[in-house]
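Visitor: can you look at this prediction? I've put the sequence above it.
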Amino acid sequence: MATSPVLVLGIDGRSGAGKSTLAAELATALRRHREVALFHLEDIYPGWDGLEAGTHAYVTEVLAPLSRGEAASWNSWDWAASTAGPRSTLSPAPVVIIEGVGAGCAAARPLLDALIWVQVPDATRKDRALERDGEVFAAHWDDWAEQENDYLGSDAVPEYADVTVANRADGSAPDHVLRALKSLPRCSPALSPERTEAAAQVPVHTAVPAAPDAAALFEALYTGEEHAVLLESSNLHFADPRQRNRYSIMAAATTEECAIYEHRGGAGFLREGTATATITGGFFEWLARSWDAAGFLPEQGELPFIPGWMGHLGYELKRETGGSDIRPAPGDPWQPADAALIRPSQVVVVDHHASTVHLLATAATDAEGFFDRVRELLPQLPAAAAPAPLDPAPAFTSRDNRPAYLAKVRAAQEQIRLGNSYEICLTTSLRAEAVPCDPWENYLRLRAANPAPFAHYLRFGDMAAASTSPERFMSIGADGWMRAEPIKGTRPRGATPEADLALMDELASSPKDRAENIMIVDLLRNDLSHFADPRTLSVPRLCAIESYASVHQMVSTIDARLRPGASRAEAIAAAFPAGSMTGAPKVSTMEILDSLEDGAARGLYSGAVGYFSATGAADLSVVIRTLVMGRNAARGHWDLTLGVGGAITADSSPQEEWDEVRTKAFGVLSALGSVFPGR
């Protein structure tokens, strides 16, 4: 009786890359849950000049029948006698692994569920191959290498690989490849036992009584890392009745147990140790598969985050939620990835209310070594000091000058008059190029000048972001309760207590600002309702005033509980991007914004930053008041970008909207020592 395989894997690479060993060890790991059939192409090559003929025979005589669930039969080759050997057969199995030069050829790829390319430096390959096969292979190495060159010259196999692994021959490759395979849409269902096992692993946890400055601890642990995230509650001295300032969370990709995911141009790239998977499909599809559908751990006390994913979702992911696809044109300024996340193996959670530092580490890492390191650091940490403003101060230019922005405000109002929108959240950006600075020091400048409950610092290779965001986009508790807290309405702080109170009262009583806020509340009630129990939808706080170091803000709160069994990733997608950064109705207004903003990609600005916990909890802030930094070709220099904007309604004053842009930019610019460009 035929056994149709559920997974067919090809492992290709040049001779000496370690394909055979990788295939055998991967088969051993997969056999824990099902039978595996393993085929080596060297059994079918007809001699030392038989790469092309052997590849053809492999596809027709071995791969095709096995992929149909039928037994394969072929003439094996007797290498010692240099002649055809006996007839060999291989029965199908739930998983079929085929390895050898040619396994990923063009004729084979349609029959493979995943192609793995094994990459090794040329000098290393030859040494490994001759060590394994001795002098027999040495006499034929050059001829065989020429055949490989011809094969790869006519068929760019590595470009089609689903997983590429740098095989160090230290035993790490099989585990890294298996982790990468679990992320692929075609492999994920078949590898559900492995995915379930991984999701059920509870990290090691310890708690240390301490009240460190979160930024100082991050600086001591992670500022030298290329992939690191700090989610900091930095306004600890402000009133916090809703406990948004309780926790700071930090981690970095410091071990090979970590993963790094980036989404660019409609495809995902996942690095698992030495293996990198290229993943087709949308970001939210990947999130649903990698976080939502993997199964959740039970809540771990009051810890907000158990190692899952943390990082950013850029505004351009709107292409997946009803918006159009805006990509930087050739020559446009550098843009970060559409999304970038890490899955750390070691995490620090600072509970500011309980003066406790929680340390978490996966069992496969040196948990005790990590714990000891942090324990040693904690008593030595001073508060992180803000550096002086940059000297010389960065000189920013604006994408829109005052007349241009006022014209866009009036154009937005015309769209509202025509009934195409009710509210349009118009934005522009400021930019300074080739600034000699340190991204982390810029974050310290911002946090000192503008403490905020959702401050964050991100570092993803050539991109860094420093933010003092006060706005929550959306949170989901492990119990399924969702919360959105949009901000609409801003006033600067006054120079005197009397002037400050007058500005606060002006904001609280402003019909225009209340109208803006209420329209976004209605939009978010609709966004949350797609996956919520409608009986739980409520607005416990409407048009409340919150005060920060440089501004007063009008904030509302919308709560709802997920329907049982509803997808958390899809619930987040239904609300993305934040309505407070688009306007209402969302989809048609995003189209208007694409035109008004001249097709410029917003990038990270207007997106979201936060975490997706292994417990099913998530908390994401809106990316505003955020300096995005891209590494410039000049050593030690960075290109700085600051997005700013405001909501346009029928009653908006164009001049007041321009003044609001300047107000919102002031906190970040002043921290750097810069001023708003132009008038």
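Guide: Ah, there it is. Numbering: from 1, shown residues only.

Visitor: now do the helix or strand hosting residue 669, average pLDDT.
Guide: Here residue 669 sits within helix 654-672, counting by DSSP states H and E. Helix 654-672 shows a mean pLDDT of 94.

Visitor: likewise for stretch 220-236?
Guide: Rounded mean pLDDT across stretch 220-236 is 92.

Visitor: that stretch: how far from the chain's middle?
Guide: Centroid separation for stretch 220-236 versus its chain: 16 Å, with CA atoms, centre = their mean, to the nearest Å.

Visitor: equivalent analysis for stretch 125-138, please.
Guide: Here the centre of stretch 125-138 is set off from its chain's centre by 41 Å, with CA atoms, centre = their mean.

Visitor: give the buried residues for it.
Guide: Using 16 or more other CB atoms under 10 Å as the test for burial, stretch 125-138 gives 125-126, 128-130, 133, 137. C-betas here are computed from N, CA, C, even on glycine.

Visitor: restricted to helices, list the residues you listed.
Guide: The helices, defined by DSSP state H, take in 125-126, 128-130, 133, 137 from those.

Visitor: from the residues you listed, which shows the smallest pLDDT?
Guide: Across the set of those, residue 133 stands lowest in pLDDT, at 69.

Visitor: ok, of the buried residues of stretch 125-138, which one's closest to residue 579?
Guide: Distance to residue 579 across the buried residues of stretch 125-138 (CB to CB) is lowest for residue 125, with 54.2 Å.

Visitor: that closest one touches residue 19, doesn't it?
Guide: No. If you go by CB atoms under 8 Å, residue 125 and residue 19 don't touch, sitting 10.6 Å apart.

Visitor: can you list the ones in helices among the buried residues of stretch 125-138 in JSON lines and add distance to residue 503?
Guide: Below are these laid out as JSON lines (distance: CB to CB, whole Å):
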{"residue": "125", "distance to residue 503": "69"}
{"residue": "126", "distance to residue 503": "73"}
{"residue": "128", "distance to residue 503": "71"}
{"residue": "129", "distance to residue 503": "74"}
{"residue": "130", "distance to residue 503": "78"}
{"residue": "133", "distance to residue 503": "80"}
{"residue": "137", "distance to residue 503": "80"}
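
Visitor: returning to what we had before: now, among the buried residues of stretch 125-138, which is nearest to residue 208?
Guide: Nearest to residue 208 out of those is residue 128 (CB to CB; 45.8 Å).

Visitor: how about that closest one, nearest residue that isn't a chain neighbour?
Guide: residue 16 (4.4 Å; CB to CB, 6 or more residues apart in numbering).

Visitor: let me know the pLDDT of that neighbour.
Guide: So, for residue 16, pLDDT stands at 90.

Visitor: can you check residue 493 too?
Guide: As predicted, residue 493 sits at a pLDDT of 91.

Visitor: need phi/psi at it.
Guide: phi -80, psi 150 (degrees, to the nearest 10).

Visitor: run a quick neighbour tally on it.
Guide: 17 (other CB atoms under 10 Å).

Visitor: next one: residue 542 from residue 473, what distance?
Guide: Separation of residue 542 from residue 473 (CB to CB, to the nearest Å): 18 Å.

Visitor: before we move on, what about residue 352?
Guide: Between residue 352 and residue 473 the distance is 22 Å, computed by CB to CB.

Visitor: neighbour count: the two, which is higher?
Guide: residue 473 (30 against 19).

Visitor: tell me the spacing between the more buried one and residue 324.
Guide: 21 Å.

Visitor: in this structure, which strand is the longest?
Guide: With secondary structure taken from DSSP state E, the chain has its longest strand at strand 423-436.

Visitor: alpha carbons of it, as CSV, please.
Guide: Only the C-alpha atoms of strand 423-436 are listed here, as CSV (Å, rounded to 0.1, in the frame of the first residue of the first chain):
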residue,chain,number,x,y,z
GLU,A,423,-10.5,62.5,9.2
ILE,A,424,-7.1,62.3,7.5
CYS,A,425,-4.0,61.9,9.6
LEU,A,426,-1.5,63.7,7.3
THR,A,427,2.2,63.3,8.0
THR,A,428,5.5,64.6,6.8
SER,A,429,9.1,63.9,7.8
LEU,A,430,12.3,65.7,8.8
ARG,A,431,15.7,64.3,7.7
ALA,A,432,19.4,64.9,8.6
GLU,A,433,22.1,63.0,6.7
ALA,A,434,25.5,61.7,7.6
VAL,A,435,25.3,62.8,11.3
PRO,A,436,28.2,61.7,13.4
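
Visitor: export stretch 504-524 to PDB, keeping only CA atoms.
Guide: Extracted in PDB, the C-alpha atoms of stretch 504-524 (Å, rounded to 0.1, in the frame of the first residue of the first chain):
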ATOM      1  CA  MET A 504      -4.700  71.700  29.400                       C
ATOM      2  CA  ASP A 505      -8.200  73.200  29.800                       C
ATOM      3  CA  GLU A 506      -8.100  74.400  26.200                       C
ATOM      4  CA  LEU A 507      -7.300  70.900  25.000                       C
ATOM      5  CA  ALA A 508     -10.000  69.300  27.200                       C
ATOM      6  CA  SER A 509     -12.700  71.700  26.000                       C
ATOM      7  CA  SER A 510     -11.700  71.800  22.300                       C
ATOM      8  CA  PRO A 511     -14.600  70.600  20.100                       C
ATOM      9  CA  LYS A 512     -12.200  69.900  17.200                       C
ATOM     10  CA  ASP A 513      -9.900  67.700  19.300                       C
ATOM     11  CA  ARG A 514     -12.800  65.900  20.900                       C
ATOM     12  CA  ALA A 515     -14.300  65.200  17.500                       C
ATOM     13  CA  GLU A 516     -10.900  63.900  16.200                       C
ATOM     14  CA  ASN A 517     -10.600  61.600  19.200                       C
ATOM     15  CA  ILE A 518     -14.100  60.300  19.100                       C
ATOM     16  CA  MET A 519     -13.900  59.500  15.400                       C
ATOM     17  CA  ILE A 520     -10.800  57.300  16.100                       C
ATOM     18  CA  VAL A 521     -12.600  55.700  19.000                       C
ATOM     19  CA  ASP A 522     -15.400  54.700  16.700                       C
ATOM     20  CA  LEU A 523     -12.900  53.300  14.200                       C
ATOM     21  CA  LEU A 524     -11.100  51.300  16.800                       C
END
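
Visitor: mind listing what's buried in that stretch?
Guide: 504, 507-508, 510, 512-524.
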